[in-house]
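**Student:** what follows is a predicted protein model with its sequence.
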Amino acid sequence: MSAPRVALPRGFAEELRRESPSLVTEIVREMRRQIPEYDRPLDSLFISGLILGVETALAEFADTVEGRAAPAAQRARIYRGLGRAELAEGRSMDALQ
């Protein structure tokens, strides 16, 4: 199944990459606000993993917009790690969606 294509402005992926640090901050802040279990100290290992997951997702999206495939093994390793962390905390995968 192929992904639907939507016309995006030229340079969108480049701008997304440039704005990624502030987007990651906003996304993680909102996740911590909306998911009580995620509202932990910013210097915790859990939040570091969450930040890595958001950074990876944004980079993967930018790569997809540019027509470049992100390394599947790297993506899988990161997302499996996030899943293991959820399991270790006694939560389902629902929060990661």
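**Tutor:** Perfect, I can see it now.
**Student:** mind checking how far residue 28 is from residue 73?
**Tutor:** Relative to residue 73, residue 28 is positioned 25 Å away (C-beta to C-beta, to the nearest Å). Every C-beta, even on glycine, is put in place using the N, C-alpha and C of the backbone.
**Student:** what is the lowest-mean-pLDDT helix or strand in the chain packed up against?
**Tutor:** Least confident helix or strand of the chain, by mean pLDDT, DSSP states H and E, is helix 72-88 with a mean of 78. Judged by 3 or more C-beta pairs under 8 Å, 6 or more residues apart in numbering; DSSP states H and E, helix 72-88 is in contact with helix 45-65.
**Student:** got the angle for the helix it packs on vs helix 72-88?
**Tutor:** Angle, helix 45-65 to helix 72-88, by axes from the mean of the first three to the mean of the last three C-alpha atoms, to 10 degrees: 150 degrees.
**Student:** the spatially most central residue of the chain: what's it in contact with?
**Tutor:** Closest to where the C-alpha atoms of the chain average out (C-alpha atoms, centre = their mean) is residue 54, at 2.2 Å. If a contact means C-beta atoms under 8 Å, 6 or more residues apart in numbering, then residue 54 has 24, 27, 28, 31 as its contacts.
**Student:** in helices, which of the residues you listed appear?
**Tutor:** If you go by DSSP state H, those have 24, 27, 28, 31 in helices.
**Student:** can I get those in a markdown table with neighbour count?
**Tutor:** What follows is the ones in helices among the contacts of residue 54, written out as a markdown table (neighbours: other C-beta atoms under 10 Å):
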| residue | neighbour count |
| --- | --- |
| 24 | 18 |
| 27 | 18 |
| 28 | 18 |
| 31 | 17 |
